[in-house]
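In: Only the shape, not the letters, is given here:
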């Protein structure tokens, strides 16, 4: 008798294991409940794949980008606005993973684990999301891209709000191309938001980073002179870095103005692998950060197997280097803002059906970008000089712009044209990035006019 | 752990009133949801209350029973099952496929049958001589039932564990659970000779083997764990348990390598979201709709999981979470853990080791079955298709669960205060 009662205690092990399983189950309901409940198979919330209860998505000026009427999701009246804001708003099928329809699905439907879908079914209204985007500016950018693949991003470098975020190719969600068309080459990567999760060869825009490394590591950089005779060669190597022209003798500033490959390949070698890598990391190009729950694609910069000539190519933004547009925009934002990088965001606020704000954004500093005020000011002067002395202020009428163009070589494709820059005017604190893929023309001729159009629309 | 004898029973009157209030709200919810058809359920719920109150009062008055915790847990769980099954009837009323409460009527009938089985089994096992005499016939009966199942069984959802008998479908494997514990506990209470152990081993392997042939893997696991509990309770030999487990694991591996379809049935375990419209349909729907219910539920009849295959049988935990809410859903789970704790406490004061072993085996069996069901439908364990005790729709399972409670009840000295002195002397 005594034995059996002692042995009975072993059953408590079963109870302990059982209760542990129960706790795991309870925790997973709290952590995954909103993901499960907002799954598209939930017939409480969806009919034929369309969410039946979801709030309205507004742009920064209060224009409706998407709303629910009956059992369907209705987008903005203007087809261009619909295509231009598609990647920010998202679709109803869940193909566009970075749109608010996907990332804020549970907020949009108003789901929470306490009430389940009870009130949603009662009221048929979810929470409203207000974006920081200006849909007119987005439409201007989308029109300016004119069907070419690429991306345009503009953000306020003091406040962090993204006012323009366009990724092309895109489509009109109320008139979606058929499955075969969308699988074709012209819609390659259509579901990807190139601005947040794309990676590009930076080309000459990377000379901003090489310049930063030079300013940090070469005390005599301003007194150096560079002679360009059309290419840069290293003794003992028959591979060279080709320059776009014969720039003759230049100082640091004019070499950047001319975007002289010979000079910047030489600077990269002088700075050295370790220091260049360090600068790239410090400027946040290889780290990931979150923009409204979307993880920004991490840039690639790896010199571990590079020989000297590779380092030269890396210094002018080629080799294996890739950067994310949002990270690049954030970097020039830091230069504009005296070394303080403000984190970009595109969701202004989420307000629930009782009027309570449940999510909001405000200016937040990125601690992963380390840039001194001196470095920022030096870079700002150099970038101002580019526009003033080389591209010409007439390309941005009425603005005081700083920036750098790029024309990146991409394997099996025509060149990518880039421009990244900012307005140094305190009353117009915006940074811009324009990337046009596979266009075969220069950053200055293709990207700058687009940047200008978008900024003029914003003024 | 404190012996049950020293723990004062809860006030049975208050318990009865509280549980009746819960059931009243639950049944009212069903009737409100049924709208014009609500009248059809009146008799069902009235009979349920009548049975519950009559049982409690009669036991109190005539047997002077003071503790009713176990029965109230069983009534609580049964009423949840009855309510959900009744909403199934409502769905059929609304679609015009039924005009009388067919499913809830049957469920009520099974609850009553289970209660009768519980009372009869309590009486049967109260006498040690009777247990000893019935041991062999019961073992033979269980063998017969499983053999009949293998020969006459019908395939249902991958397992051949049903036989149809005079218009009724029964699942012999459910009823054999009761017999299995009866035989196991009674055999081992006899002389602890090698021969008796070997005989019991052969019997157990026969039962579990039969379940494998029927492809009822969930029940096979339930039986196996019950077998382990009985063996350990009897021998206290931890090494033997480890050896048996190793042997079972080797056996399971052999089965999987020779019969790949066995592993194939569990291929979607932890991958349910890869195929939410095919192989992962049932589990994903349980998660989606349980989360939809929130803490307080959407109300009876207001769920959507009911549209999924096996909603009121295997998946009924999801229906509880969706319609009653997660709080009640988890309360249900905790009830079964409480039954085991109750048993462990009771084992100290039980009249003989037969009762201690039988009670531990019965409560352990229920707990394992709940774990396989609840964690199976929520993808924490592979889905094996066992029912949720007392709640899932179905007769054999419901009657079996009520009868298992008789084993557990047998250890509580407070259930028979009149004969307390006598039993203490025996113990």
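Out: Arrived safely, thanks for sending. Bear in mind the structure is a predicted one, so any value in this text is a computation, not a measurement.
In: just checking, what packs against the helix or strand hosting residue A:26?
Out: If you go by DSSP states H and E, residue A:26 is part of helix A:11-37. Packing partners of helix A:11-37 (3 or more CB pairs under 8 Å, 6 or more residues apart in numbering or on different chains; DSSP states H and E): helix A:105-109, helix B:281-293, helix B:326-347, helix B:353-377. For glycine as for every other residue, the C-beta is placed from the backbone atoms N, C-alpha and C.
In: and the direction of it versus that of helix B:326-347, what angle?
Out: For helix A:11-37 against helix B:326-347, the angle by axes from the mean of the first three to the mean of the last three CA atoms, to 10 degrees is 170 degrees.
In: for helix A:11-37, the distance to its chain's centre please.
Out: 38 Å (CA atoms, centre = their mean, to the nearest Å).
In: Need the helices and strands packed on helix A:11-37 in JSON lines (columns: mean neighbour count).
Out: Formatted as JSON lines, these follow (neighbours: other CB atoms under 10 Å in any protein chain shown):
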{"stretch": "helix A:105-109", "mean neighbour count": "24"}
{"stretch": "helix B:281-293", "mean neighbour count": "27"}
{"stretch": "helix B:326-347", "mean neighbour count": "22"}
{"stretch": "helix B:353-377", "mean neighbour count": "27"}
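In: would you list every one of the strands in the stretch 251-400 of chain A?
Out: A:290-291, A:294-295, A:347-351, A:357-360 (DSSP state E, counting those that start in this stretch).
In: among the ones you listed, which is nearest residue A:330?
Out: strand A:290-291 (9.1 Å; CB to CB).
In: How about the residue in the stretch 151-300 of chain B that chain A sits nearest to, nearest residue that isn't a chain neighbour?
Out: As assessed by CB to the nearest CB, chain A sits closest to residue B:294 within the stretch 151-300 of chain B, at 2.5 Å. Spatial nearest neighbour of residue B:294, excluding adjacent residues (CB to CB, 6 or more residues apart in numbering or on different chains): residue A:116 at 2.5 Å.
In: go on, residue A:361?
Out: Distances taken as CB to CB, 6+ apart place residue A:345 nearest to residue A:361, at 4.2 Å, with adjacent residues excluded.
In: which residues does the one you found contact?
Out: Shown in contact with residue A:345 (CB atoms under 8 Å, 6 or more residues apart in numbering or on different chains): A:132, A:160, A:161, A:162, A:291, A:292, A:361, A:364.
In: Per-residue confidence, it, what does it come out as?
Out: Note on residue A:345: pLDDT of 96.
In: picking up where we left off before, to chain B, which of the strands of the stretch 251-400 of chain A lies closest?
Out: Here strand A:357-360 is closest among these (CB to the nearest CB), at 16.6 Å.
In: where along chain B do the strands fall?
Out: Here chain B has its strands, by DSSP state E, at B:154-156, B:159-165, B:168-170.
In: Let me have these in a markdown table, extended by distance to chain A.
Out: Shown next, in a markdown table, are those (distance: least, CB to the nearest CB, whole Å):
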| stretch | distance to chain A |
| --- | --- |
| strand B:154-156 | 25 |
| strand B:159-165 | 24 |
| strand B:168-170 | 29 |
